[in-house]
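Peer 1: sequence plus predicted model, see below.
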Amino acid sequence: MKTTHISSNGDRSAFLAEVSGLWPAAKGSVAEIHKPCVRSGCRACAEGLGHKAFILSYKDGSRRHCLYVPAKMVEVVRKAIANGRQIEQLLSKAGAQMILRNRRNSK
């Protein structure tokens, strides 16, 4: 079966230029949780409030994992997730444009 070369170097360069400004990138979500501590007599834990912490939830294949996110990294991780979502949108758009361009060129 003959393979058709679909994308041009101009398309690739434009895509890479757009994506290069979207670093760092990640896929997942950040959640704020409240966890109890190990100190006996902790007022926050005794009142059922717990202590604020953040986790990154992500998938590796079909398995979901969670990682502790230090408070000072939360905004960076949230920005990385937003960048990852923009990259996914660009990939979807690029795929559709590639097919449409190939249709126009094959006529």
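Peer 2: Good, I have the coordinates.
Peer 1: quick one: residues in contact with stretch 16-30.
Peer 2: The set of residues external to stretch 16-30 that reach it, using Cβ atoms under 8 Å, 6 or more residues apart in numbering, is 54-59, 69, 74, 76-81, 83-84, 86-88, 90. In short, each C-beta sits where N, CA and C put it, glycine included.
Peer 1: let me know the secondary structure of L56.
Peer 2: Assigned with DSSP: H, G, I helix; E, B strand; the rest coil, L56 falls in the strand class.
Peer 1: measure it to A82 for me?
Peer 2: As judged by Cβ to Cβ, to the nearest Å, L56 and A82 stand 13 Å apart.
Peer 1: got it, and L67?
Peer 2: In this view, L67 and A82 are 18 Å apart by Cβ to Cβ.
Peer 1: quick one: the helices in this structure?
Peer 2: Counting by DSSP state H, the chain has these helices, from start to end: 9-20, 43-46, 74-106.
Peer 1: will you turn the ones you listed into TSV that also has mean pLDDT?
Peer 2: Putting these into TSV (pLDDT from 0 to 100) gives the following:
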stretch	mean pLDDT
helix 9-20	76
helix 43-46	80
helix 74-106	86
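Peer 1: CSV for those helices, including mean neighbour count and distance to S29?
Peer 2: Converted to CSV, those look like this (neighbours: other Cβ atoms under 10 Å; distance: least, Cβ to Cβ, whole Å):
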stretch, mean neighbour count, distance to S29
helix 9-20, 11, 21
helix 43-46, 12, 25
helix 74-106, 13, 7
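Peer 1: mind putting those helices into TSV with distance to A31?
Peer 2: Rendered in TSV, the data for those read as follows (distance: least, Cβ to Cβ, whole Å):
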stretch	distance to A31
helix 9-20	27
helix 43-46	19
helix 74-106	10
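Peer 1: E32 is nearest to which of those?
Peer 2: Comparing the helices of the chain against E32 with Cβ to Cβ, the closest turns out to be helix 74-106 (8.5 Å).
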